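**Q** whatever this is, show me its structure:
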Amino acid sequence: MNSNLRWKAIFVLAVIALCIYGLIGLPDFPTSWTTVKQNLSQRIRLGLDLQGGTHLVLQVQVNEAVRQETNQAVSQLYTLLRDKNIASDQPVSTSDTQIKVSNVAPDRISDLRTLVADSFPAFDLASAPGEVNGYLLNMKAAEVSATQQRTMDQSVSTIRRRIDQLGLREPVIEPYGQGDNEIIVELAGEGDPTEAKTIISQGGALEVRLVEDPRPYTSQAEAQAAHNGVLPTNTELVPGKPSSASGSAGPDQVWWLVSRTAAITGRDLRSARAQRSTKNPMNYDVAFNLTTDAGRGFGNFTEANVGKLIATILDHRVQLTASINSRIEDSGVIEGSFTEQEASDLALILEAGALPASITYLEERTVGPSLGADSIRHGMYASLTSLIVVLIFMLLYYRSAGANAVIALLLNLLILLAALAYFTAVLTLPGIAGVILTIGMGVDSNVLIFERIREELRAGKSPVSAVDLGFKRAFLTIIDTHVTTVVSAVFLFLFGTGPIKGFAVSLTIGLVANLFTSVYVSRMIFDWHLSKSTQQSELSI
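**A** Numbers count the residues shown, from 1 in each chain. Okay, here's the model as predicted:
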């Protein structure tokens, strides 16, 4: 064996050793087949359709976030208009993207335009149809689109943080569909999605606001009647629990008149944890700590409102009202008669962050482990059957050269599985289809090379020359077919969903491995055979 061929053989053996290590690690000696299978199962990740689990498709109500942006702009605009004495009426939102300002003084129109341009760059100002002194602030289309995209990104990030804290292995959480504001959640191995759905669905929007009226009302109508049918500016009614300080029996739900502006929100939290209630040892509360900046602002807020009530609002429902007795800076407690599990889940949600908009479930599908096992078994049967048939054909049709193709094909599959293990890629049922297609592409490459060698032998070339020319002339064709297929697989990966991506990944890895085995390894075996052969006039092909 010449030096060049020897180094090629060493390189191929090193690749085989790396592949075996990637699949089963360093087995203990003596080892058993059971241990090898266990190591293999730990390194090859199975997808939802093979392992079983839960498949969810969610839709984010992105327009809620747009509406929230508009409502915040209304509150800010009201304060500025009042301070500058530009309009006598309070601005109101007429739609998710529009604010109406009425009774603007004619001599203050230019001031209004300047105010909108300087403080509300996301809105365009236009005259209100049918009103002489009325104006509309319309949110720009680009701003609407940016808010919707930002809401989707925040929703994916928040759901991922929540699911990660459940300790599930390698969940799939990513945007789904084309422009429908959907998110796909796949939890492999999770047969009961109840807890995951509960964690995902809860909004976790925490706010602490000032209570503007210490009297709880039994209905919205009662509250409006108490204020002559018109609520004070910058306030709203929020449903919730009655005050724990009342000590008397009453309705289970009351309405509180609170400020629209929150002193702190869930974004201001540094941490949250469940703890046993100091009032009732059978219940649990949720204690939270604030960030440094939020704590400083909350301290100023509580110091300025000593003696007044504040409301802790969770998902737009008052959970607790408490009196401010002194300055509060860095912490607080949510009391809600929670169970330990409820308090732990709420703390998890608050730490992960609030969803920027609500979600709805469009699809829910559960794959049982037994169905996944059937898929694996049938997929393996199909792969082995196709492999055996192909190997028999190559051996019968190409004789000794067929053994060359068999070795290259088996090494191709070994590299494919090892790459899946090294890259922690997920093997899905379509991925098994990609493996089967890889077998066909590997055979196709060997057939191209072998037929080229046969043509050169028929033309009277020597075996060494025929092998050399056969590989050189088939190489461009092999590269062409593989590159076009890889490009198609890349598009499938970019625009496909989870299972389709699994097919694209396994196909791409298999094609790259096939280039190595069919061109490099197969050529090395031919060269080794010819170097050992004493009779150069014949080649069994």
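
**Q** and residue 325, what does it touch?
**A** Residues in contact with residue 325 (C-beta atoms under 8 Å, 6 or more residues apart in numbering) are 306, 307. C-beta coordinates here come from the backbone N, C-alpha and C atoms, glycine included.

**Q** what's the distance between it and residue 303?
**A** Residue 325 sits 11 Å away from residue 303, going by C-beta to C-beta, to the nearest Å.

**Q** now do the contacts for the closest residue to residue 358 other than its chain neighbours.
**A** Taking C-beta to C-beta, 6 or more residues apart in numbering, and ignoring the residues beside it in sequence, residue 358 has residue 61 as its nearest neighbour in space, at 5.0 Å. Contacts for residue 61 (C-beta under 8 Å, 6+ apart) come out as 181, 357, 358, 359, 360.

**Q** tabulate those (TSV), appending pLDDT, distance to residue 421 and neighbour count.
**A** Shown next, in TSV, are the contacts of residue 61 (pLDDT from 0 to 100; distance: C-beta to C-beta, whole Å; neighbours: other C-beta atoms under 10 Å):
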residue	pLDDT	distance to residue 421	neighbour count
181	88	35	20
357	78	39	24
358	79	40	15
359	84	35	20
360	85	38	11
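
**Q** element containing residue 116?
**A** Element membership for residue 116 (DSSP states H and E) is helix 109-119.

**Q** again, but for residue 402
**A** helix 400-422.

**Q** what helices or strands is that helix leaning on?
**A** Other helices and strands packing on helix 400-422, by 3 or more C-beta pairs under 8 Å, 6 or more residues apart in numbering; DSSP states H and E, are helix 3-24, helix 369-398, helix 429-458, helix 498-515, helix 522-532.

**Q** could I get the CA-only coordinates of the fourth one as PDB?
**A** Backbone C-alpha positions of helix 498-515 (Å, rounded to 0.1, in the frame of the first residue of the first chain) are rendered in PDB as follows:
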ATOM      1  CA  GLY A 498     -41.300  20.700  12.400                       C
ATOM      2  CA  PRO A 499     -41.700  17.300  10.600                       C
ATOM      3  CA  ILE A 500     -40.800  18.700   7.200                       C
ATOM      4  CA  LYS A 501     -37.700  20.300   8.700                       C
ATOM      5  CA  GLY A 502     -36.800  16.800  10.000                       C
ATOM      6  CA  PHE A 503     -37.000  15.500   6.500                       C
ATOM      7  CA  ALA A 504     -34.800  18.300   5.200                       C
ATOM      8  CA  VAL A 505     -32.200  17.900   7.800                       C
ATOM      9  CA  SER A 506     -31.800  14.100   7.400                       C
ATOM     10  CA  LEU A 507     -31.800  14.400   3.600                       C
ATOM     11  CA  THR A 508     -29.100  17.200   3.600                       C
ATOM     12  CA  ILE A 509     -26.800  15.400   6.000                       C
ATOM     13  CA  GLY A 510     -27.300  12.100   4.000                       C
ATOM     14  CA  LEU A 511     -26.400  13.900   0.700                       C
ATOM     15  CA  VAL A 512     -23.300  15.400   2.100                       C
ATOM     16  CA  ALA A 513     -22.200  12.100   3.600                       C
ATOM     17  CA  ASN A 514     -23.000  10.400   0.300                       C
ATOM     18  CA  LEU A 515     -20.500  12.700  -1.500                       C
END
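
**Q** which strands or helices does it pack on?
**A** helix 48-51, helix 400-422, strand 426-427, helix 429-458, helix 463-495.

**Q** show me where pLDDT drops low in the stretch 251-400 of the chain?
**A** 336, 349-354, 368-373, 375 (pLDDT under 70).

**Q** ok, which stretches of it are strands?
**A** 254-265, 269-276, 284-290, 309-314, 318-323, 331-338, 359-367 (DSSP state E, counting those that start in this stretch).

**Q** the second one: which residues count as buried?
**A** Think strand 269-276. Using 16 or more other C-beta atoms under 10 Å as the test for burial, strand 269-276 gives 269, 272, 274.

**Q** try stretch 3-16
**A** For stretch 3-16, a neighbour-count test (16+ other C-beta under 10 Å) marks 8, 9, 12, 15 as buried.

**Q** give the contact list for the nearest residue to the first one once chain neighbours are set aside.
**A** Once its chain neighbours are removed from consideration, residue 8 has its nearest residue in residue 524; the separation is 4.7 Å (C-beta to C-beta, 6+ apart). Contact criterion C-beta under 8 Å, 6+ apart gives 5, 8, 9, 12 as the residues in contact with residue 524.

**Q** would you format these as JSON lines with distance to residue 307 and pLDDT included?
**A** Output for those, formatted as JSON lines (distance: C-beta to C-beta, whole Å; pLDDT from 0 to 100):
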{"residue": "5", "distance to residue 307": "92", "pLDDT": "82"}
{"residue": "8", "distance to residue 307": "86", "pLDDT": "86"}
{"residue": "9", "distance to residue 307": "87", "pLDDT": "86"}
{"residue": "12", "distance to residue 307": "82", "pLDDT": "88"}
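
**Q** and the residues you listed, which is closest to residue 409?
**A** Each of the contacts of residue 524 was scored against residue 409 by C-beta to C-beta, and residue 12 proved nearest at 14.4 Å.

**Q** these two touch, right, the closest one and residue 521?
**A** Yes. Counting by C-beta atoms under 8 Å, residue 12 does reach residue 521; the two are 5.8 Å apart.

**Q** which neighbours do those two have in common?
**A** By C-beta under 8 Å, 6+ apart, the residues touching both residue 12 and residue 521 are residue 411.

**Q** residue 96: how many residues sit nearby?
**A** Other residues lying near residue 96 total 16 when counted by other C-beta atoms under 10 Å.

**Q** which pLDDT value goes with the closest residue in space to it that isn't next to it in sequence?
**A** Nearest residue to residue 96 in three dimensions, chain neighbours excluded: residue 67, at 4.4 Å (C-beta to C-beta, 6+ apart). In this model, residue 67 is scored at 86, pLDDT.

**Q** any idea how far residue 67 lies from residue 257?
**A** 21 Å.

**Q** those two: who's more crowded?
**A** Taking other C-beta under 10 Å, residue 67 and residue 257 do not tie; residue 257 has more neighbours (22 against 17).

**Q** shouldn't residue 172 be in contact with residue 183?
**A** No. The criterion here is C-beta under 8 Å, and residue 172 misses it with residue 183 at 10.3 Å.

**Q** name the element the nearest residue to residue 113 once chain neighbours are set aside belongs to?
**A** Among residues not flanking residue 113 along the chain, residue 125 sits closest, at 5.9 Å (C-beta to C-beta, 6+ apart). Assigned by DSSP H and E, residue 125 belongs to strand 123-127.
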